[in-house]
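Participant: A structural model of the following input is requested.
(chains A and B)
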Amino acid sequence: MSSAHLIVLRHLWVLRHGRPWNLVVNGIFEPFLYLLSVGIGIGQLVDDGATGGATTRYAAFVAPALLATSAMNSAVNETTNNAWWRVRFDKLYDAIVTTPMRIADIAVGEIAASVLRSTLSATCFFVVIVALGMVHSWWAVLAVPAAVLIAFAFSAAGLAAATYIRDPHHHQYLQLCMLPMFLFATTFYPLSVYPTGVQPVVAALPLYQSIELLRGLTTGHLGLGMVGATAYLLVMGVGGVWLANRRLSGMLLT
Amino acid sequence: MATETLAPPVDEATTGTGMALRAYRYWTLRYRRTWRGTIVISVANPLLFLVAMGLGLGRLIGPDTAVLGGVGYLAFFAPGMLAAASMQNGIIEAAFPVAWSRRPGGAYPVAAGTPLEPEDILHGHLLFMTLRVLTSAAAFLVVMVAFGAAMSPLVALALPAATLTGMAFALPSAAWAVTLTDVGPVGGVFKWVVMPLYLFSGTFFAVEQLPEALRPVVYVTPLWHGVELCRTLSLGTATWPTSLVHIAYLAALTGVGYLVARRNYRRHLHA
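Facilitator: Take a look at the predicted model:
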């Protein structure tokens, strides 16, 4: 019997005096500013045909990518900063492993709590882009479940990565992975902009796969690549859980 | 820790600049141990934006670039990014370290317990901040010129212009941060002040694209003046009157920031 849910309850208990709308505002403020500045500001300069299909306005092209980025950022921030702090500094789980809870429960619980938080902000951002008229397909009802999958993949990978962080300034190196992904994983322009040789490298990025999935759903341009993206994210999430569990077992007092 | 590294060699001046240089040496010594972490945010970050936006996004921009001043997107964006990155570096170098150093047991109170005056501590730290903003701007400028994003030899003057932009933000930030008791609010400033300025001060798109009513709001933001100054220098379209207005605005902000910082440093370090 797994007791992973206890970790989630513990985080909710700690946050009970926090205001949930704070989490939401923090999660959607930055992507919203980017949407206004890049989507609408630069959108006025962009030739609409360039973003695939004359029906897709530039802002509608950027919006799903920002949704994917927002899910990624809040997932990775939660598992790398906050969970890292709990494991390395608060030594929270050194106490928990002496109870009947297993380390796998801790890993799954942390990831579940992160997914919950990330899903909350992704859902709110999704509502914003629907309200702004940047969603053009009924397939978009699947965008929130897709965001949950993205949050899962990045939370698990983030927790696994966090176990390798020994010093606070190592967090910078994570930023060094996430920022280029944000900028180059077709957030602002399609894959066809890149030279043929570079395209497979970009396509291999997890954020690219996430963007493909969400962009297909919100614009209604479905493709077989979306099945591949789903499989990619599932494998990444499961692999992340496995690695995080293994690494935490080595780190915690057992 | 701080006092150890500042142990006085006997032959040094113990007044005025000599004292400030000791505070400065503390920061450079510290930087020798921590520079790796700062490279990511102050150099890699703006360069990645330059490549992604200037080169990648630039390819989507339609043939009609009249609103950008008739130049390509890279040439338009790069000097704006130079100013925006300098703003960011100025605030990063001022707000966090100052708020962090003034905690009990931090570098500031410890230094204030020595013959260093609050002004010396401020001057030494300011010198270091200037160096950081200047070197980051220089690195960016070299890449910008290598990409062919600069249109005029006047671009060399964008280096002091960008440094001034950075300091126009660094001094007020330091003046404010020295009054804090917790670094928490600094993160809020990044979210609510730096990000909006970054995205809407004419860096990514021309102010003329905004609705008429919003433009005056942009014109009063200091970053817009920095962006315009760097951009006109890089494009070679700078004129004396407009440049002087931008410089005067930024210099005034720096000067007022300095006066307030000096007062606040004395109040909070010799309290």
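Participant: I'd assumed B:Val186 was in contact with B:Leu180.
Facilitator: Yes - between B:Leu180 and B:Val186 there is a contact at 7.4 Å, judged by CB atoms under 8 Å. C-beta here means a position set from N, CA and C on the backbone, and glycine is covered the same way.
Participant: Common neighbours of these two, please.
Facilitator: By CB atoms under 8 Å, 6 or more residues apart in numbering or on different chains, B:Leu180 and B:Val186 have these common neighbours: B:Ala99.
Participant: more neighbours, the two?
Facilitator: Applying other CB atoms under 10 Å in any protein chain shown to B:Leu180 and B:Val186 shows that B:Val186 carries more neighbours, namely 20 against 17.
Participant: The nearest residue to that one once chain neighbours are set aside and B:Gly184, how far apart?
Facilitator: Closest residue in space to B:Val186, ignoring its immediate chain neighbours: B:Ala95 at 4.7 Å, by CB to CB, 6 or more residues apart in numbering or on different chains. Distance from B:Ala95 to B:Gly184, counting by CB to CB, to the nearest Å: 12 Å.
Participant: Same check on A:Ser192?
Facilitator: Distance from A:Ser192 to B:Gly184, by CB to CB: 44 Å.
Participant: Tell me the pLDDT of the closest residue to A:Gly41 other than its chain neighbours.
Facilitator: Nearest residue to A:Gly41, sequence neighbours excluded (CB to CB, 6+ apart): B:Phe205, at 3.7 Å. Among the per-residue scores, B:Phe205 shows a pLDDT of 89.
Participant: B:Phe205 belongs to a helix?
Facilitator: No - assessed with DSSP: H, G, I helix; E, B strand; the rest coil, B:Phe205 is coil; it does not lie in a helix.
Participant: Now for residue 178, how many residues are close by?
Facilitator: Defaulting to chain A. With other CB under 10 Å as criterion, A:Met178 counts 19.
Participant: that's the other chain; I wanted chain B
Facilitator: 27.
Participant: same question, B:Ala138
Facilitator: B:Ala138: 12 neighbours (other CB under 10 Å).
Participant: got the phi/psi numbers for it?
Facilitator: Dihedral pair for B:Ala138: phi -60, psi -40, per degrees, to the nearest 10.
Participant: From B:Gly80, how far out is it?
Facilitator: Taking CB to CB, one finds B:Ala138 at 17 Å from B:Gly80.
Participant: Any residues of chain B in contact with chain A? List them.
Facilitator: Residues of chain B that fall close to chain A, judged by CB under 8 Å from any CB of the partner chain: B:34, B:36-37, B:40-41, B:44-45, B:48-49, B:51-53, B:56-57, B:59-63, B:65, B:67-68, B:73, B:191, B:195-196, B:199-200, B:204-205, B:209-210.
Participant: again, 7 Å this time
Facilitator: B:37, B:40-41, B:44-45, B:48-49, B:52, B:56-57, B:59-62, B:191, B:195-196, B:199-200, B:204-205, B:209 (CB under 7 Å from any CB of the partner chain).
Participant: quick revisit: of A:Ser192 and B:Gly184, give the one with the bigger neighbour count.
Facilitator: A:Ser192 (12 against 9).
Participant: any idea how far the more buried one is from A:Ala63?
Facilitator: Counting by CB to CB - A:Ser192 and A:Ala63 are separated by 19 Å.
Participant: Equivalent analysis for B:Leu229, please.
Facilitator: B:Leu229 is 33 Å from A:Ala63, by CB to CB.
Participant: same question, A:Trp84
Facilitator: 31 Å.
Participant: Under the pLDDT cut-off, which ranges of the chain? List them.
Facilitator: With no chain named, the answer covers chain A. A:1, A:16, A:18, A:48-56, A:253-254 (pLDDT under 70).
Participant: nope, chain B please
Facilitator: B:1-16.
Participant: rerun at 80
Facilitator: Residue ranges of chain B with pLDDT under 80: B:1-17, B:36-42, B:62-65, B:271.
Participant: For the closest residue to A:Leu116 other than its chain neighbours, the count of nearby residues, please.
Facilitator: In this structure, A:Leu116 finds its nearest non-sequential neighbour in A:Val8, 6.6 Å apart by CB to CB, 6+ apart. Neighbour count for A:Val8, taken as other CB under 10 Å: 19.
Participant: do the same with A:Lys91
Facilitator: Neighbour tally, A:Lys91, other CB under 10 Å: 12.
Participant: and what of A:Val235?
Facilitator: Counted with other CB under 10 Å, A:Val235 comes out at 11.
Participant: Now name the helix or strand holding it.
Facilitator: In the assignment (DSSP states H and E), A:Val235 maps to helix A:225-251.
Participant: for A:Leu159, same thing?
Facilitator: helix A:143-162.
Participant: which residues sit against that helix?
Facilitator: Residues outside helix A:143-162 that contact it (CB atoms under 7 Å, 6 or more residues apart in numbering or on different chains): A:67-68, A:71-72, A:75-76, A:78-80, A:83-84, A:107, A:110-111, A:114-115, A:118-119, A:122-123, A:126, A:174, A:206, A:210, A:213-214, A:217-218, A:230, A:233, A:236-237, A:240-241, A:243-244, A:247.
Participant: could you redo the last one with a cut-off of 6 Å?
Facilitator: For helix A:143-162, the surrounding residues in contact (CB atoms under 6 Å, 6 or more residues apart in numbering or on different chains) are A:68, A:71-72, A:75-76, A:79-80, A:83-84, A:110-111, A:114-115, A:118-119, A:122-123, A:126, A:210, A:213-214, A:217-218, A:233, A:236-237, A:240-241, A:243-244.
Participant: Can you say which of those residues are buried?
Facilitator: Buried members of those, scored by 16 or more other CB atoms under 10 Å in any protein chain shown, are A:68, A:71-72, A:75-76, A:79-80, A:83-84, A:110-111, A:114-115, A:118-119, A:122-123, A:126, A:210, A:213-214, A:217-218, A:233, A:236-237, A:240-241, A:243-244.
Participant: A:Val201 - how many residues pack around it?
Facilitator: The number of residues near A:Val201, taken as other CB under 10 Å, comes to 11.
Participant: Over to it. Which of the three states is it?
Facilitator: Strictly by three-state DSSP, A:Val201 counts as helix.
Participant: Next one: it relative to chain B, how far apart?
Facilitator: 14 Å (CB to the nearest CB, to the nearest Å).
Participant: if I look at the one residue sitting closest to the centre of chain A, how far off is chain B?
Facilitator: For chain A, A:Met72 is the residue whose C-alpha lies nearest the centre (CA atoms, centre = their mean; 1.9 Å). Here A:Met72 is placed at a distance of 16 Å from chain B (CB to the nearest CB).
Participant: ok, back up a step: can you tell me which of the residues of chain B next to chain A are buried?
Facilitator: B:37, B:40-41, B:44-45, B:48-49, B:52, B:56-57, B:59-61, B:195-196, B:199-200, B:204-205, B:209.
Participant: All the helices of the stretch 51-200 of chain A, residue numbers only.
Facilitator: All helices of the stretch 51-200 of chain A, identified by DSSP state H, counting those that start in this stretch, fall at A:58-77, A:83-84, A:92-96, A:103-131, A:143-162, A:171-184, A:199-203.
Participant: Mind giving me the packing neighbours of the second one?
Facilitator: When you say that, I think you mean helix A:83-84. Packing partners of helix A:83-84 (3 or more CB pairs under 6 Å, 6 or more residues apart in numbering or on different chains; DSSP states H and E): helix A:143-162.
Participant: ok so B:Gly202 is a helix residue?
Facilitator: No - going by three-state DSSP, the assignment for B:Gly202 is coil, not a helix.
Participant: so the closest residue to it other than its chain neighbours is in which element?
Facilitator: Leaving aside its sequence neighbours, B:Gly202 sits nearest to B:Val227 (CB to CB, 6+ apart; 4.9 Å). Using DSSP H and E, B:Val227 maps to helix B:222-235.
Participant: Helix or strand next in line after that helix, which one?
Facilitator: Following helix B:222-235 toward the C-terminus (DSSP H and E): helix B:240-269.
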